[in-house]
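In: Here's my sequence, what's the structure:
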Amino acid sequence: MNPIIAKSARVRSTPFTQRIEEYGVQAYTVYNHMLLPASFHGVVDDCNHLKNHVQIWDVSVERQVQIEGPDADYLTQLITCRDLSQAKDHICYYAPIVDDQGKILNDPLVMKVKPNTWWVSIADTDVLLYAKGIAIGKNLDVNITEPNVNPLAVQGPKSFELMKRVFGEEILNLKFFNFKRYAFNNHEFLIARSGWSKQGGFEIYVDHDEIGVQLYDQLLSEGKDLGARPGCPNLIERIESGLLSYGNDMDMNDTPLECGLDAFVSFNPDIDYLGKEVLEKQQQQGVSRSLVGMMMDLKEISVTQHLPIMNGQNKIGTLRSACYSPDFGKCLGIAMVDKTHQTLDQDLKLQINGIEISAKMTNLPFTK
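Out: Predicted structure coming up:
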């Protein structure tokens with residue numbers, strides 16, 4: 001018997017939970033104290049459908065930490081290593097949040113939704129508490145809240161046709177990582193050209209529960225001939241695409257430089273953020289370990305915790321996440337490996353979880 005997640009007030013449902021349960025969600029996980037669908041027709045079938053059609057994802061778990069007030073710009077910059085000094089309106093910025101040791105606490109998108117107001121669209125950690133602690137400690141003039149915003153993601157190659165049908169031709173002009181407000185049933189929703197897949201799509205920031213459910217129904221209705229159905233972030237698709245998952249591939253023991261996020265770490269002398277001196281030192285000295293892809297000659301693998309990777313008697317790293325990819329015909333994984341033991345694209349004999357396997361280390365994303 002498979003264990004189930006017991007619902008309670010601590011594990012919040014979403015405005016769309018009833019709809020997805022009526023459809024037949026198979027499994028949930030918990031993310032930001034909320035229910036996140038994890039499977040509908042099985043991970044392989046869901047992956048194939050995502051790559052060929054269009055899915056509507058309930059990703060209400062992507063909570064928004066709203067930072068507003070006279071010191072909002074200062075605080076938002078203080079908690080991220082990305083330079084936001086030239087941030088423009090209507091642009092989404094991938095901005096790792098770091099602590100005073102340069103360790104990653106979250107890897108959100110941030111958006112300046114109006115003057116002196118930012119939305120930090122978070123991964124799975126309590127950024128609101130972190131931001132509040134810093135604001136209190138520095139006596140900043142900000143108000144930090146979690147507004148009632150429950151995002152829907154419309155993902156897949158047919159997402160563009162579906163969004164055009166519902167929101168009009170203009171939405172096709174929206175550029176990648178840009179956002180704008182579009183009307184539906186006399187309400188304007190903030191919509192971004194983004195999403196946690198490489199199949200293309202949009203994220204709709206639903207800030208009205210009733211109209212949001214109407215929108216959910218309309219998307220499924222308008223997309224019947226496109227094969228539209230409920231879906232969720234897919235393990236196979238995201239690993240094949242090299243999309244990092246906070247809490248799995250990286251956590252608060254890792255720095256952005258170790259995770260290949262160098263492009264999002266600023267050393268601009270005119271900006272200040274927590275952990276900057278530590279990251280400057282690491283950048284000068286070089287990292288001793290980093291994330292790599294792993295291609296493993298296995299037919300199945302389950303990674304529910306970081307697994308040690310051994311080369312003989314030497315522990316050379318940890319396998320952070322992995323899955324079997326039917327398209328590649330082998331297991332793909334993301335691993336943190338010591339730089340001195342990184343040998344890309346060469347056949348290796350390694351031991352993972354006590355089993356000897358043939359493997360190759362590769363760059364990310366994976367290529368055939």
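In: so residue 42 touches residue 25, yeah?
Out: No. Counting by Cβ atoms under 8 Å, residue 25 is not a contact partner of residue 42; they are 11.9 Å apart. Where C-beta positions appear, they are placed from N, C-alpha and C, glycine not excepted.
In: of the two, who's got more company?
Out: Between residue 42 and residue 25, residue 25 has the larger neighbour count (other Cβ atoms under 10 Å), namely 18 against 11.
In: check which helix or strand covers the more buried one.
Out: Residue 25 is part of no helix or strand, with elements assigned from DSSP states H and E.
In: confidence score at it?
Out: Predicted confidence (pLDDT) for residue 25: 96.
In: Hmm, it is touching residue 229, no?
Out: No. Residue 25 is beyond contact range of residue 229, at 11.3 Å (criterion: Cβ under 8 Å).
In: hey, where'd the strands end up in the stretch 201-350 of the chain?
Out: 201-206, 229-231, 289-296, 307-311, 314-325, 330-338, 348-352 (DSSP state E, counting those that start in this stretch).
In: Would you format those strands as a markdown table with mean pLDDT and mean neighbour count included?
Out: As requested, those are arranged in a markdown table below (pLDDT from 0 to 100; neighbours: other Cβ atoms under 10 Å):
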| stretch | mean pLDDT | mean neighbour count |
| --- | --- | --- |
| strand 201-206 | 98 | 24 |
| strand 229-231 | 98 | 23 |
| strand 289-296 | 98 | 22 |
| strand 307-311 | 95 | 19 |
| strand 314-325 | 96 | 20 |
| strand 330-338 | 98 | 23 |
| strand 348-352 | 94 | 18 |
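In: So for residue 68, which of those sits nearest?
Out: Nearest to residue 68 among the strands of the stretch 201-350 of the chain is strand 201-206 (15.7 Å), distances taken as Cβ to Cβ.
In: Pull up the gap between residue 312 and residue 331, please.
Out: 21 Å (Cβ to Cβ, to the nearest Å).
In: same deal with residue 46?
Out: 18 Å.
In: How about residue 295?
Out: Taking Cβ to Cβ, one finds residue 295 at 8 Å from residue 331.
In: burial measure for residue 138, as a count.
Out: 12.
In: That one and residue 78: what is the separation?
Out: 8 Å.
In: what do you get for residue 242?
Out: 29 Å.
In: Can you name the residues that contact residue 41?
Out: 26, 49 (Cβ atoms under 8 Å, 6 or more residues apart in numbering).
In: So what does it have for phi and psi?
Out: phi -120, psi 20 (degrees, to the nearest 10).
In: Same question for residue 104.
Out: According to degrees, to the nearest 10, residue 104 has phi -80, psi 130.
In: OK, contacts around it?
Out: Residues counted as contacts of residue 104 (Cβ under 8 Å, 6+ apart) are 96, 97, 98, 246, 250, 251, 252, 254, 255, 256, 259.
In: Could I get the pLDDT score of it?
Out: We have a pLDDT of 98 for residue 104.
In: Also residue 46?
Out: Residue 46 is given a pLDDT of 98.
In: And it, how far from residue 262?
Out: 32 Å.
In: more neighbours, the two?
Out: The neighbour count for residue 46 versus residue 262, taken as other Cβ under 10 Å, is higher for residue 46 (25 against 13).
In: Now do the same contact list for that one.
Out: Here residue 46 is in contact with 39, 40, 55, 231, 232, 234 (criterion: Cβ under 8 Å, 6+ apart).
In: Is the fourth one in contact with residue 48, as I believe?
Out: If I follow you right, that is residue 231. No. Applying Cβ under 8 Å as the test, residue 231 and residue 48 come out as separate, 11.3 Å apart.
In: what does the model give the closest residue in space to residue 268 that isn't next to it in sequence for pLDDT?
Out: Leaving aside its chain neighbours, residue 268 sits nearest to residue 83 (5.1 Å; criterion: Cβ to Cβ, 6 or more residues apart in numbering). pLDDT, residue 83: 98.
In: Distance check, residue 83 against residue 276.
Out: 11 Å.
In: Check residue 335 too.
Out: 28 Å.
In: just residue 167 next, same as before
Out: Counting by Cβ to Cβ, the gap from residue 167 to residue 276 is 41 Å.
In: now swap in residue 322 and tell me
Out: Taken as Cβ to Cβ, the span from residue 322 to residue 276 is 33 Å.
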